[in-house]
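Participant: generate a structure from the sequence data that follows.
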Amino acid sequence: MKHKIFIDGREGTTGLRIESRLALREDVEILQIDPELRKDPAERKRLIGESEITFLCLPDAAAIESCELAKGTSARIIDASTAHRIDPAWVYGFPELSKERRAAIRTASRVAVPGCHASGFICLAYVLVQKGIISPDAPLTCHSLTGYSGGGKKMIATYESSERPLHDELETPAFYALGLTHKHLPEMTVISGLKNPPVFTPIVGDYYKGMTVAIPLPGTLMTKKYTPDDIRAVFSEFYADEENIKVNPEAPQGSVYADGCNDTDGIEIFVSGTPERTLLLARLDNLGKGSSGAALQCMDIMLEGR
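Facilitator: Below is the predicted model of the structure:
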C-alpha cells in the first residue's frame, strides 16, 4: 500500500521541490488539492485527515493554522516553516545530531524541519559545545552565503526578472538581516546548546542555490588549545556513521565554492587555520539539506516507524 502524502503549500519553492521528488517515487501517493480550494480550511482539513504525513510549506501563521486543522486526525506533520522549531512539543528534524534525536523523529507525530542557515551553523556549533571545545556561553559569530533561492518566490522573481537591468546592484553579494534578528537565530541558539545567540550575518549572492556557512573560531574561545587537526578529528569521529555529513580529511587548498554540494542532500565540513584562529565551514544545498531534502529525510525516517 502506498503512503498517502499531502503537501499544504505546494506552490512555494520548498513545496514544489518536495512534490517533484515524491512524484518520482512508487511508494507514495500525493493527495492533490483543487487549486481553487488551496486556501479553503475545510478542504485542507479533509486532505490532512486522509494523509499519513502532511508537509507544511507555508508561512508561519498559515502553518500554525494547518496544525489546528490537523487536530483530531492521525496525520503526522512535517513543518518546513519556522513556527515550531524550538517548540518542545515538536521534534527538531536533524537526525545526525544524535541517535536519540533520530529515534525521536522516527516515532514523532510533529517534526520541524531546520532552516538552511541554521543547518550549516548547527552541524558545527552543536559539536563544538557537546564535545567541550567551547563553553555554552562562548560568543560565536557566523557568516553565511546563500544563493537567492533561499529567499523564496519573491526573491527569486526579483533576481530573475526580465525587467532587471543588465548591470545592477544585485550582481554583487548583499548582507541582509542587518538588525541581527534573523528568524533562524532561535533554533541556532537553542539546538546548538548555546546560552546566547551568535552574531549572525547572512549574505545573498547572484546565483540560484548553494551555500557556505562559516564560523571563525579564535583560540581564545576554546576551552583548551586545539589545533585545526584536533578539531577536524573530533568532527570526523562525531559524524563517522552519517552518510549525509562528510568531514573533509584535510584543510581546503585554495577556495571553497558555495555550489559544491548542489543537487545533494548532504553537508560537507571543512576545518582550516591555525591553533590561534581556526575556520569552520559547512557547505550544503540550501534547497537540499537546507529545505526539501531535509524534509524528505525526516519523512523516510518517520515511515520506518510504521
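Participant: may I see the buried residues of stretch 173-183?
Facilitator: By neighbour count with 16 or more other Cβ atoms under 10 Å, stretch 173-183 contains the buried residues 177, 182. Where you see a C-beta, it was placed from the backbone N, CA and C, and this is true even at glycine.
Participant: I'd like the next helix or strand past the longest helix anywhere in the chain.
Facilitator: Ranked by residue count and defined by DSSP state H, the top helix of the chain is helix 116-130. Using DSSP states H and E, the helix or strand that follows helix 116-130 in sequence is strand 141-147.
Participant: sorry, back to before: and the longest helix of the chain, what other elements does it pack with?
Facilitator: Judged by 3 or more Cβ pairs under 8 Å, 6 or more residues apart in numbering; DSSP states H and E, the packing partners of helix 116-130 are strand 141-147, helix 185-192, strand 199-205, strand 211-218, helix 228-238, strand 267-274, strand 277-284.
Participant: go again with 6 Å.
Facilitator: Counting contacts by 3 or more Cβ pairs under 6 Å, 6 or more residues apart in numbering; DSSP states H and E, helix 116-130 packs against helix 185-192, strand 211-218, strand 277-284.
Participant: where does the protein have its least confident helix or strand?
Facilitator: Ranked by mean pLDDT, DSSP states H and E, the helix or strand of the chain with the weakest confidence is helix 152-159, at a mean of 94.
Participant: ok so, going back, and the angle for the longest helix of the chain with strand 141-147?
Facilitator: Orientation check (axes from the mean of the first three to the mean of the last three Cα atoms, to 10 degrees): helix 116-130 against strand 141-147 gives 150 degrees.
Participant: which parts of helix 116-130 are buried?
Facilitator: Quick answer for helix 116-130 (16+ other Cβ under 10 Å): 116-129.
Participant: and that helix, average pLDDT?
Facilitator: What helix 116-130 shows for mean pLDDT is 98.
Participant: grab the nearest non-local neighbour of Arg102.
Facilitator: Sequence neighbours aside, Pro95 is the residue nearest to Arg102 in space, at 3.9 Å (criterion: Cβ to Cβ, 6 or more residues apart in numbering).
Participant: so who does that neighbour touch?
Facilitator: By Cβ atoms under 6 Å, 6 or more residues apart in numbering, the contact set of Pro95 is 101-102, 105, 301.
Participant: tabulate those (a markdown table), appending secondary structure.
Facilitator: Below are the contacts of Pro95 laid out as a markdown table (DSSP: H, G, I helix; E, B strand; the rest coil):
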| residue | secondary structure |
| --- | --- |
| Arg101 | helix |
| Arg102 | helix |
| Ile105 | helix |
| Ile301 | helix |
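Participant: who wins for neighbours among the residues you listed?
Facilitator: Using other Cβ atoms under 10 Å as the neighbour criterion, Ile105 leads the contacts of Pro95 with 23 neighbours.
Participant: what sits against that one?
Facilitator: Counting by Cβ under 6 Å, 6+ apart, Ile105 makes contact with 91, 93, 95, 111, 298, 301.
Participant: so which of those residues are in strands?
Facilitator: The strands, defined by DSSP state E, take in 91, 111 from these.
Participant: tabulate the contacts of Ile105 (JSON lines), appending distance to Asp263 and pLDDT.
Facilitator: Formatted as JSON lines, the contacts of Ile105 follow (distance: Cβ to Cβ, whole Å; pLDDT from 0 to 100):
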{"residue": "Val91", "distance to Asp263": "27", "pLDDT": "98"}
{"residue": "Gly93", "distance to Asp263": "21", "pLDDT": "98"}
{"residue": "Pro95", "distance to Asp263": "21", "pLDDT": "98"}
{"residue": "Val111", "distance to Asp263": "24", "pLDDT": "98"}
{"residue": "Cys298", "distance to Asp263": "19", "pLDDT": "98"}
{"residue": "Ile301", "distance to Asp263": "21", "pLDDT": "98"}
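Participant: follow-up on the earlier one: turn the contacts of Pro95 into JSON lines, including distance to Ile64.
Facilitator: Converted to JSON lines, the contacts of Pro95 look like this (distance: Cβ to Cβ, whole Å):
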{"residue": "Arg101", "distance to Ile64": "23"}
{"residue": "Arg102", "distance to Ile64": "26"}
{"residue": "Ile105", "distance to Ile64": "21"}
{"residue": "Ile301", "distance to Ile64": "24"}
